[in-house]
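Enquirer: Please find the sequence and the predicted model below.
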Amino acid sequence: MLMVNMHDAKSKLSSLVERLELGEESEVVIARNGTPVARLVPFTAPRRIGAARHLLAGLDIPATVEAFNAGDGAIAADFDASARQGLAP
């Protein structure tokens, strides 16, 4: 952990970020009058694969294209029924 004062952090921000990128530092603490006030850490991108899996877990979503398309007949029947009742889709 590297601690720098506010003035040094402002004037050397690029080099501080580079040290984080290269793994030379795990975090940089920025201090004002010797008191830590902020922390710079490397950014880690969130994992995209399965990011919404917990949101979709309770839903009955078809797992294959064939299973998804199997509902097309029911959907068409629903549209036909609403058209017969005079409802616009």
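Expert: Yep, that arrived.
Enquirer: Name the surrounding residues that touch the worst-scoring helix or strand of the chain on mean pLDDT.
Expert: Here the helix or strand of the chain ranked lowest by mean pLDDT, DSSP states H and E is helix 53-56, holding a mean of 70. The contact list for helix 53-56, computed with CB atoms under 8 Å, 6 or more residues apart in numbering, is empty. C-beta here means a position set from N, CA and C on the backbone, and glycine is covered the same way.
Enquirer: quick thing: my sequence starts at 7, can you match it?
Expert: Taking 7 as the first residue, the last one we looked at is helix 59-62.
Enquirer: Can I get it in CSV, CA atoms only?
Expert: Written as CSV, here are the backbone C-alpha positions of helix 59-62 (Å, rounded to 0.1, in the frame of the first residue of the first chain):
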residue,chain,number,x,y,z
ARG,A,59,-28.6,-15.8,-13.9
HIS,A,60,-29.9,-15.1,-10.4
LEU,A,61,-32.5,-12.7,-11.8
LEU,A,62,-33.8,-15.4,-14.3
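Enquirer: check contacts around the residue lying farthest from the centre of the chain.
Expert: Taking CA atoms, centre = their mean as the measure, the residue most remote from the mean C-alpha position of the chain is Arg90, 44.5 Å away. For Arg90, no residue counts as a contact, taking CB under 8 Å, 6+ apart as the criterion.
Enquirer: Off-centre distance for the longest helix that the chain contains?
Expert: The helix of greatest length in the chain, counted in residues with DSSP state H as the criterion, is given as helix 78-90. The gap between where helix 78-90 is centred and where its chain is centred comes out at 37 Å by CA atoms, centre = their mean, to the nearest Å.
Enquirer: Tell me the buried residues in that helix?
Expert: If you call a residue buried by 16 or more other CB atoms under 10 Å, then helix 78-90 has no buried ones at all.
Enquirer: Appreciated, that's everything.
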